[in-house]
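S.K.: no FASTA, just this:
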């Protein structure tokens, strides 16, 4: 996505020699003055090289794990621009290609699908990475850090099988430096919340063991990333938010708890409150807790995340 320093130098020399004018601002297109050309070349090289070192930050989590709250707190940090619920290859709205057309005038991928174009995964990836690159540069020049919150649900918790495709982070790492965190919650609590929302039926078999199996496979794809537990976050939000900011190389705003609810994000499905605090476990008479905690997939998941039940 970004040119190497050697390529920047070659482009700068061509600019100085007067062999490159296309793409320059109008005031520079006719000049061949060595000093002005050198200054412009240096400015281009400096910005592009600095931008190539500026990371994109990403947040990954399952549904009903407190992710929206943590994303809101992250978006409350100074100079942060957070793009919410990003999934390059989501199939959730694909029904629009067979049913009534959706009005999506700013969504080029949706428009391509509705036009029955041969929108391959490779083409879609190229479009999204190009869009992210433009936003990344725009925000960098404004002195802001770009954070992408992954919509992991569409990848790991829909359909009969987990989609065989790269994760959002894997795709971003091909073109950008990336810093990431994974946020988690006790799988029993998140599963009960999934049932409350009716989202457990979006994959099959829609059982707790299958949920834990998919959760384990999700964690396998992010095994090198820092894990933040929801329970630790609500116990001490300031401590955990400092950890998140240090991991993502973001500035820290001490008063984030006073302002985070002013951040408007989709996916806000939890029990809304302006206060960050522990919530009681949801009740569900049809859920067999004793059977759940003996499931082999849950045992693996609980051990790797440090949960008992």
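M.R.: Okay, I see it. Computed from a predicted model, the values in this text were never measured in an experiment.
S.K.: In stretch 256-275, which residues are buried?
M.R.: 256, 257, 260, 261, 263, 270 (16 or more other CB atoms under 10 Å). The way it works is simple: take the backbone N, C-alpha and C, and place the C-beta from them, glycine included.
S.K.: Give me the pLDDT for the last one.
M.R.: As predicted, residue 270 sits at a pLDDT of 60.
S.K.: ok, now the fifth one?
M.R.: Model confidence at residue 263, expressed as pLDDT, equals 94.
S.K.: And the closest residue to it other than its chain neighbours, its phi and psi?
M.R.: Excluding the flanking residues, the one nearest residue 263 by CB to CB, 6 or more residues apart in numbering is residue 72, at 4.2 Å. Here is the backbone geometry of residue 72 (degrees, to the nearest 10): phi -60, psi -40.
S.K.: Report the separation between residue 72 and residue 224.
M.R.: Distance of residue 72 to residue 224, computed by CB to CB, to the nearest Å: 26 Å.
S.K.: Tell me which of these two has more neighbours.
M.R.: Ranked by neighbour count (other CB atoms under 10 Å), residue 72 and residue 224 place residue 72 first, with 21 against 7.
S.K.: From residue 107, how far out is that one?
M.R.: 24 Å.
S.K.: before we move on, what about residue 170?
M.R.: 23 Å.
S.K.: Wait, residue 72 touches residue 259, no?
M.R.: No - taking contacts as CB atoms under 8 Å, residue 72 lies outside contact range of residue 259: 9.2 Å.
S.K.: need the helix or strand of this protein with the lowest average pLDDT.
M.R.: helix 5-16 (a mean of 58; mean pLDDT, DSSP states H and E).
S.K.: part of a strand, is residue 180?
M.R.: Yes - according to DSSP: H, G, I helix; E, B strand; the rest coil, residue 180 belongs to a strand.
S.K.: Name whatever forms a beta bridge with it.
M.R.: Following DSSP bridges, residue 180 is listed with bridge partners residue 58.
S.K.: Is the nearest residue to residue 108 once chain neighbours are set aside within a helix or a strand, and which one?
M.R.: Closest residue to residue 108 apart from its sequence neighbours, by CB to CB, 6+ apart: residue 127 at 6.3 Å. Using DSSP states H and E, the element containing residue 127 is helix 121-141.
S.K.: which other helices and strands contact that helix?
M.R.: helix 34-53, strand 80-86, helix 108-114, strand 145-150, helix 168-172 (3 or more CB pairs under 8 Å, 6 or more residues apart in numbering; DSSP states H and E).
S.K.: low pLDDT regions in the protein?
M.R.: By pLDDT under 70, the low-scoring segments of the chain are 1-47, 93-99, 269-273, 309.
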